[in-house]
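*Asks:* Prediction below, plus the sequence it came from.
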Amino acid sequence: MLFLILIIILIVMAVRCIKVVQQSEAFVVERMGSYFQTWNNGIHFKVPFIDNIVNRISLKEHVMDLPAQSVITKDNVSMNIDTVMAIEITDPKLATYGVDNLENALEKSVGTALRNVVGELELDQTLSERDSINAKMQNYMDEVTGKWGVKVNRVELKNIVPPKEIQNAMERQMKAERERRAQVTEAKGNKESQILQAQAEAEAAETEAKGRANAEIEEAKGKAQAIREVQQAYADSLTMISNANISDAALKLKAFEALKDVANGKATKLIVPSELQDLTTLGSALKISAEKEQK
């Protein structure tokens, strides 16, 4: 019975000495009080009463939200800045034995880095050059934490809180800047509106001028067409006369009739073509003869 109890105790102790290390974890093991091994993921056996797991470390990235630090800029402006830092443990042994309290050491180192970097800048630079400050702080922290087996992936300024009077001045400045931008935007809008209106008026004037020009062109075309039709009619009449073979006597008679109409007018002088003089003399004689008969 005693033997069975001893066997059970040994089995329980053996089971408890089997350790499983999960992915992204590491165990720091001491043997007889001295560093022995770093166990990575897998199954490991811990010797009872001899081996001791002194630290269980996560190898995942760890984000630290650090408290606000009081810093002074180059132009003697005091402000509070809180930061966020992402770290990753690359050497569990150094992280265990290289520093007494890793998180406390990281916090103090960030405060030192922040004071060193911001102390070289003026207030305006501190507010506008966050990316540059982040990069400088990351480089500084990498150099410091390398001996602790820690890699700093990034450092970011979270909040920058200047004194109240500085905040009020900044608010007034931002308000003035917003008003200036609004005025610029309004002026640009008015300018664009005037340009569009001028373009519309110019296009309307151009369209009206084109309409008048087209109307004048069409009117000129109509007059030209009328002239061509008159000339064509005159040419056609000449052609008809030519084709009709009218005798010279008939033509002279027609001319004489036309001359008669002219003579009945108000003109005091009458020029008679030479070819019609014979007909004129004949007409005068006939007229005199007719007057004598009436008497």
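*Replies:* Cool, the structure landed.

*Asks:* Identify the spatial nearest neighbour of residue 53, chain neighbours not counted.
*Replies:* In space, residue 53 comes closest to residue 27 once its chain neighbours are excluded; the distance is 5.1 Å by Cβ to Cβ, 6 or more residues apart in numbering. Every residue, glycine included, has its C-beta placed from N, CA and C.

*Asks:* Now do the SS call for that neighbour.
*Replies:* Following DSSP: H, G, I helix; E, B strand; the rest coil, we place residue 27 in the strand state.

*Asks:* I'd guessed it sits against residue 52; true?
*Replies:* No: in this structure, residue 27 is not within contact of residue 52 by Cβ atoms under 8 Å, at 10.4 Å.

*Asks:* more crowded one of these two?
*Replies:* residue 27 (19 against 14; other Cβ atoms under 10 Å).

*Asks:* Next, the contact list for that one, please.
*Replies:* With contact taken as Cβ atoms under 8 Å, 6 or more residues apart in numbering, residue 27 is in contact with 19, 21, 38-39, 44, 53, 55-57, 92.

*Asks:* In space, what's closest to residue 154 - neighbours in sequence excluded?
*Replies:* In space, and not counting its chain neighbours, residue 154 is closest to residue 86: 4.9 Å by Cβ to Cβ, 6+ apart.

*Asks:* Could you do residue 43 as well?
*Replies:* Nearest non-adjacent residue to residue 43, counting by Cβ to Cβ, 6+ apart: residue 20, 5.5 Å away.

*Asks:* which parts of whichever strand or helix holds that neighbour are buried?
*Replies:* Per DSSP states H and E, residue 20 falls inside strand 18-21. Within strand 18-21, the residues that qualify as buried are residue 21, counting by 16 or more other Cβ atoms under 10 Å.

*Asks:* Distance from that strand to the middle of the chain?
*Replies:* Averaging C-alpha positions (Cα atoms, centre = their mean, to the nearest Å) puts strand 18-21 58 Å from its chain's average.

*Asks:* Give the pairing partners of it; include direction for each.
*Replies:* Strand 18-21 has its sheet partners listed here by DSSP bridges as strand 42-45 (antiparallel).

*Asks:* Please report the distance of the residue nearest the centre of the chain from residue 197.
*Replies:* Central residue of the chain (Cα atoms, centre = their mean): residue 185, 15.7 Å from the mean position. Plainly put, residue 185 is 19 Å away from residue 197 if you go by Cβ to Cβ, to the nearest Å.

*Asks:* Repeat that for residue 123.
*Replies:* 47 Å.

*Asks:* Which of the two has more residues huddled nearby?
*Replies:* It is residue 123, of residue 123 and residue 197, that has more neighbours when counted by other Cβ under 10 Å, with 18 against 10.

*Asks:* okay, the more buried one: pLDDT?
*Replies:* pLDDT recorded at residue 123 is 85.

*Asks:* cool, residue 54 as well?
*Replies:* 93.

*Asks:* How about the secondary structure of it?
*Replies:* strand.

*Asks:* my read: it touches residue 31, true?
*Replies:* No: shown here, residue 54 and residue 31 do not form a contact pair, counting by Cβ under 8 Å, at 10.6 Å.

*Asks:* how near is the closest residue to residue 90 other than its chain neighbours to residue 168?
*Replies:* Leaving aside its chain neighbours, residue 90 sits nearest to residue 151 (5.1 Å; criterion: Cβ to Cβ, 6+ apart). According to Cβ to Cβ, residue 151 stands 41 Å off from residue 168.

*Asks:* which of these two has more neighbours?
*Replies:* Of the pair residue 151 and residue 168, residue 151 is the one with more neighbours under other Cβ under 10 Å, namely 16 against 11.

*Asks:* In contact with the more buried one, which residues?
*Replies:* If you count contacts by Cβ under 8 Å, 6+ apart, residue 151 has them with 87-90, 142, 145.

*Asks:* Any idea how far the host helix or strand of the residue nearest to the centre of the chain is from the middle of the chain?
*Replies:* Using DSSP H and E, the element containing residue 185 is helix 164-244. The gap between where helix 164-244 is centred and where its chain is centred comes out at 30 Å by Cα atoms, centre = their mean.
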